[in-house]
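1. only geometry, no sequence info:
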């Protein structure tokens, strides 16, 4: 079982949020920057600057992770799933997240608020 940080289309109320509806979810943040790609999806670039808002999804099983890996394009090299630090309330946890090393290369535009909902309202 893996804890997973999601920050865009996989969050509750978003396009693919139903994929994780059976799991426990808590509001969370991480450091880094969020980008909106021209195809209409987000990318997290981890780093020491910025805050990205999302959700911590608890105890995701291997079967669901495999499905998400396909959805996120791991085999194509679009994203990679790595361990990052996330914060919920006053606690810091380790969690996996789908990240992109160079979203600007794919035309990504910085989302200064770090909130996907703000990016899709534009």
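-> On my side now, so go ahead. Given the structure is predicted, the values throughout are model-derived calculations rather than measurements. Numbering: from 1, shown residues only.

2. how far does the helix or strand encompassing residue 33 sit from its chain's centre?
-> In the assignment (DSSP states H and E), residue 33 maps to strand 25-36. Its chain's C-alpha centre and that of strand 25-36 lie 6 Å apart, by CA atoms, centre = their mean, to the nearest Å.

3. let the chain start at 236 from now.
-> Noted, 236 is the first residue going forward, which turns the last one into strand 260-271.

4. so what does that strand touch, helix or strand wise?
-> strand 277-295, strand 315-323, strand 326-334, strand 344-346, helix 351-355 (3 or more CB pairs under 8 Å, 6 or more residues apart in numbering; DSSP states H and E). For every residue, glycine as well, the C-beta is placed using N, CA and C.

5. hmm, 10 Å instead?
-> strand 237-241, strand 277-295, strand 315-323, strand 326-334, strand 344-346, helix 351-355 (3 or more CB pairs under 10 Å, 6 or more residues apart in numbering; DSSP states H and E).

6. any idea which of the ones you listed is most buried?
-> Highest mean neighbour count of the helices and strands packed on strand 260-271: strand 237-241, a mean of 23 (counted as mean count of other CB atoms under 10 Å).
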